[in-house]
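Peer 1: could you work out the structure for the sequence below:
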Amino acid sequence: MIDKIRPLVSAMSIPVVHNGDAFNHQDFERIRSETGCASVMAARGALWNCSLFRKDGLLPVYDVCKDYLRIADRYRNPFNNTKYMILQMLQVQIPKSAGYRVALSAKETSGLFDALEACKSEPSIMDPKEYKIGVTFVDRKEDADNISKNRRKHIRSLEQGLQRLKEMTKKKKIKNRRNKICGSRKSSSQQ
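Peer 2: Numbers count the residues shown, from 1 in each chain. Next comes the predicted model:
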């Protein structure tokens, strides 16, 4: 689908921001170069491991969670918000682990620290090379049968938008030509 975005970006006179599918710093650069977009937004990737913005690579989820808990505690972030973020980071990596269950039942920040300690034996928490992305990508070229109806509908919508943009540009050029012709007629009749 990325190949459908570049023509739209080049036809626009304003910066375009790509939404989603960035899960590490390299994804930002790849998406920008493939689409021509001015920037890239990240939502799920930032929820799952906010170190994705680091040029030097991802930090272990354990370290990110521990730092997050310290900052949340220092600034008195509401516990439910803090717990939600920790669960977002852990559920992608270790949804069935004892540490995740401890985090689920935590009633205060100390329970979340206990959950992290219970997670220390999990490779995907301790080693960024073991980091798991919580989504599955479908390559249209390899497996076109698995593309959902919504994705095909979205692509048609992009194509229709590009066509309308071309038509609007063409109409604007015609209008500008008419204005130039009419403007030159007025100036010659005034002489």
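
Peer 1: residue ranges with poor pLDDT in this protein?
Peer 2: For the chain, residues meeting the criterion pLDDT under 70 lie at 1, 131-151, 183-191.

Peer 1: recalculate using a threshold of 80.
Peer 2: Residues of the chain that meet the criterion pLDDT under 80 lie in 1-3, 124-125, 127-158, 173-191.

Peer 1: now the helices for this protein?
Peer 2: 2-11, 25-35, 44-48, 61-74, 79-93, 98-105, 109-118, 123-126, 149-190 (DSSP state H).

Peer 1: a markdown table please, covering the ones you listed and showing distance to residue 18 and mean neighbour count.
Peer 2: In this view, the C-beta of every residue, glycine as well, is placed from N, C-alpha and C. Shown next, in a markdown table, are those (distance: least, C-beta to C-beta, whole Å; neighbours: other C-beta atoms under 10 Å):
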| stretch | distance to residue 18 | mean neighbour count |
| --- | --- | --- |
| helix 2-11 | 7 | 14 |
| helix 25-35 | 5 | 16 |
| helix 44-48 | 13 | 19 |
| helix 61-74 | 24 | 18 |
| helix 79-93 | 22 | 19 |
| helix 98-105 | 31 | 17 |
| helix 109-118 | 33 | 18 |
| helix 123-126 | 27 | 18 |
| helix 149-190 | 13 | 11 |
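
Peer 1: what's the end-to-end length of stretch 30-41?
Peer 2: 13 Å (C-alpha to C-alpha, to the nearest Å).

Peer 1: picking up where we left off before, residue 55 is nearest to which of the helices of the chain?
Peer 2: Nearest of those to residue 55, taken as C-beta to C-beta: helix 25-35 at 5.4 Å.

Peer 1: contacts for that closest one, please.
Peer 2: Identification of contacts with helix 25-35 by C-beta atoms under 8 Å, 6 or more residues apart in numbering yields 2-3, 5-6, 9, 16, 18, 21-22, 37-40, 42, 45, 52-55, 57.

Peer 1: what's residue 119 sitting at in phi/psi?
Peer 2: phi -90, psi -10 (degrees, to the nearest 10).

Peer 1: now do it: how many residues are near it, please.
Peer 2: 23 (other C-beta atoms under 10 Å).

Peer 1: ok, it - contacts?
Peer 2: 62, 90, 94, 97, 99, 100, 125.

Peer 1: distance of it from residue 47?
Peer 2: Residue 119 sits 17 Å away from residue 47, going by C-beta to C-beta, to the nearest Å.

Peer 1: over to residue 87?
Peer 2: Counting by C-beta to C-beta - residue 87 and residue 47 are separated by 10 Å.

Peer 1: one more: residue 162?
Peer 2: 32 Å.

Peer 1: do residue 70 as well
Peer 2: Taking C-beta to C-beta, one finds residue 70 at 18 Å from residue 47.
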